[in-house]
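1. Sequence first, predicted model second:
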Amino acid sequence: MTPGAGRARRGAALWLAALLSACASAPGPVTPPQPEPPPPVTQPTPPPPPPAVGAMALTALPGWDQEDHLTALTAYGAGCGVDRSPAARRTCADARTLLARGRVTPSEARAFLEGRFVAVEAVAPEPPRALLTAYFAPEYEARRTPDANFDAPVLAPPPGWRRGDRLPDRAAIEADPASYPVLGWMRAEDLFFLQIQGSGYLTFADGSRARAAYAADNGHPFVGIARPMADRGLLPPNGTSGDAIRAWLAAHRGPEARAVMALNPRYIFFRMDPDDSGHPAGAAGIPLPERRAIAVDPAHWTYGEPVWIEADGGNLIGARASYRGLVMALDTGSAIRGPVRADLYMGRGDAAGAEAGAVRHPLRMWRLVPRF
């Protein structure tokens, strides 16, 4: 699968009822015959809704023939239940019935998808905003107490904090963290990337593990540091991958790295949960399937929609050439804004992180709309 939903929100059902009765009685006075009642008027079944404007068959999607259709259908069946629109519920139920039967062949999966969906391309008002990035569930070392390397505190929200409260920016918090509860200690560059991802898994020196889950933020906007680093000549313009940024921050740990990280004023606070040994749940409330889930802008997409993505990496250093395939809209993020903007979940661990950091691809997206 080369990663990445159809929106249909209108459905109608026609309920017909008929009342039949019969009675018998002893003979009685003869009554004049009554006129035959007119036959009941039956409302015709309405035709199916017209196809969405600009709809096309899935067979016309770029890369459709190369898709792993069974894996795509399985991902759809796992995530479609959060979309509660009538058409989506019907299609989801039918897909799950097929999958529950077992031994579904790739050709059967393909036939189901092609028979039940059409594709409608999403349009970006500004082409530069049509962008695919990627994220992952990072795994980092941490400590219970600070030392020379692990000197960046993992902070919880301050006592009395309420959602919507605006807190100081990153530089101010890092300069005076005393008023925030400390959950652990990390390398500064690792903590910075943990905050970008929003959650991750920590392994402490005693072997214990925990999931650092997003708890709050300081209310400041997210600002990416890749472009400023390129503008300052710290990294080449086409070499601002996550690995390159982390390596630079680690090599310049201290005031120089802190000044660069402070260009992003947004600060994330965490809570510690047990390590579930699986994949984190997205905003839709279900675990994210590796390479089959995307974060989207909920102003333009509905959680549980299937989406076809097609993205070309161009000349990005270290980037995979392209991503295309069926993915599910199951998450969101503060930097994910617009109708053609997606963040692809790559999975958990270093390998997923290395690939995610190299994804900054021009993007096309199609929502897969139920036919009925």
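-> Received the coordinates, thanks.
2. rest of the way, CA atoms for contacts and neighbours
-> Noted.
3. Residue 333 - that's part of a helix, no?
-> No. Judged by DSSP: H, G, I helix; E, B strand; the rest coil, residue 333 forms no part of a helix; its state is coil.
4. so what's it closest to, chain neighbours aside?
-> Spatial nearest neighbour of residue 333, excluding adjacent residues (Cα to Cα, 6 or more residues apart in numbering): residue 295 at 6.4 Å.
5. Please look at the one you found and residue 334 and confirm they touch.
-> No. Counting by Cα atoms under 8 Å, residue 295 stays clear of residue 334, with 9.9 Å between them.
6. out of the two, which sits in the busier spot?
-> More crowded of residue 295 and residue 334, by other Cα atoms under 10 Å: residue 295, with 31 against 12.
7. quick one: the more buried one from residue 76, how far?
-> 15 Å (Cα to Cα, to the nearest Å).
8. swap in residue 344?
-> Counting by Cα to Cα - residue 344 and residue 76 are separated by 15 Å.
9. Buried by neighbour count: which residues of stretch 61-69 qualify?
-> 61, 63, 64, 67, 68, 69 (16 or more other Cα atoms under 10 Å).
10. Actually, stretch 158-168.
-> Under 16+ other Cα under 10 Å, the buried positions of stretch 158-168 are 158, 167.
11. Next: stretch 85-103.
-> Quick answer for stretch 85-103 (16+ other Cα under 10 Å): 86, 87, 88, 89, 91, 92, 95, 96, 98, 99.
12. Can you list the buried residues in the least confident helix or strand in the chain by mean pLDDT?
-> When each helix and strand of the chain is scored by mean pLDDT, DSSP states H and E, helix 350-356 comes last, with a mean of 88. Within helix 350-356, the residues scored as buried using 16+ other Cα under 10 Å are 352, 353, 354, 355, 356.
13. cool, stretch 171-180 as well?
-> Within stretch 171-180, judged by 16+ other Cα under 10 Å, the buried ones are 171, 173, 180.
14. Tell me the backbone dihedrals of the nearest residue to the first one once chain neighbours are set aside, please.
-> Leaving aside its sequence neighbours, residue 171 sits nearest to residue 262 (Cα to Cα, 6+ apart; 5.4 Å). Residue 262 has phi and psi values of phi -70, psi -10 when expressed as degrees, to the nearest 10.
15. and residue 262, how many residues sit next to it?
-> So residue 262, with other Cα under 10 Å, has 18 neighbours.
16. how about the strands in the stretch 101-250 of the chain?
-> In the stretch 101-250 of the chain, the strands defined using DSSP state E, counting those that start in this stretch lie at 117-121, 131-137, 139-142, 152-155, 182-186, 200-204, 209-217.
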